[in-house]
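Colleague: Below: sequence and its predicted model.
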Amino acid sequence: MPRFPEDRITVVPSEPQYADEMTAHMARVYGMANGDFDQIFTAEMYRQHIAVFPEGQFTAFHGDQVVGVTSSMRIHFDPARPMIEPWWVTVGEGWLPHVPDGEWMYGVESNVHPDYQGQGVGGKLIEARFDTAKLLNLRGMVAGSTLKDYGLHAREVTPDVYVRGVVEGVYFDSNLSKQIIKGFHPIFGASIPNYVEEESSLGWGNVIVWRNPDYDPDLGALAAMPEDKRNRVYTRALRVRGDT
């Protein structure tokens, strides 16, 4: 494993040699023991992600420790007909049905080590994805958003009403609200039952979209990253918990 500066969180393109630690990291984030790979990406899956779409995979390091990982793929997407299906189906049970000429990026997964959450790591991973979409001239990014706090309001409103309420500020959702702040917009009427196995959301998600402000329809989506942009590095000075 590489070693990066201890005073910084460094986000770099994922490499095959990181795959074992990426898998262990994902299991830690979701509280699962190593070896229990029910909807946890294996090292082989991570290597497949890197092989089919290297531009869309990023890993965050603090020193030599993996503290964040993000995975993406390209897809064809019609906002008028969003995919209403479980996340595990959309991501090909972990192997990614990547479409090389897809005009949209799909946000497969992004996660941050519990000890580093709230310190800007997730923001750097999103920044790397947005940068990729711009450099490839993609139309934007699509993802499913787990409705993390819907369970608190399920007796009062339907998922669709809840999503609209989050947008209007009636409700705060610890996942969707943050994604809206980052520039995503939920598609109304695109709630997804059985999206993930997660208690607080009762399994509900919703399709969200970020549109690339720099998209050039005359240019079209690029097949690969420009050579001089491939080895990009994003850094953030480490802010220790408890600091103001």
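Modeller: Cool, got the structure.
Colleague: can you pull out the strands in the protein?
Modeller: Using DSSP state E, the strands found in the chain span residues 8-13, 58-62, 65-75, 104-112, 140-146, 185-192, 205-211, 234-237.
Colleague: Now do the fourth one: which elements does it pack against?
Modeller: Secondary structure elements in contact with strand 104-112, counted by 3 or more Cβ pairs under 8 Å, 6 or more residues apart in numbering; DSSP states H and E, are helix 19-29, strand 65-75, helix 121-135, strand 140-146. Placement of C-beta: from N, CA and C, glycine included.
Colleague: strands paired with it, and their directions?
Modeller: Here strand 104-112 is paired, per DSSP bridges, with strand 65-75 (antiparallel), strand 140-146 (parallel).
Colleague: CA-only coordinates of the first one in PDB, if you can.
Modeller: Coordinates of the C-alpha atoms in strand 65-75 are reproduced here as PDB (Å, rounded to 0.1, in the frame of the first residue of the first chain):
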ATOM      1  CA  GLN A  65      -5.000   3.800   5.700                       C
ATOM      2  CA  VAL A  66      -8.000   3.700   3.400                       C
ATOM      3  CA  VAL A  67     -10.600   6.100   4.800                       C
ATOM      4  CA  GLY A  68     -12.900   6.400   1.900                       C
ATOM      5  CA  VAL A  69     -13.900   4.800  -1.400                       C
ATOM      6  CA  THR A  70     -16.100   5.700  -4.300                       C
ATOM      7  CA  SER A  71     -17.200   3.600  -7.300                       C
ATOM      8  CA  SER A  72     -18.900   4.700 -10.500                       C
ATOM      9  CA  MET A  73     -19.900   3.400 -13.900                       C
ATOM     10  CA  ARG A  74     -21.300   4.800 -17.100                       C
ATOM     11  CA  ILE A  75     -24.900   4.200 -18.200                       C
END
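Colleague: centre of the chain versus it, how much separation?
Modeller: Strand 65-75 sits 7 Å away from the centroid of its parent chain (Cα atoms, centre = their mean, to the nearest Å).
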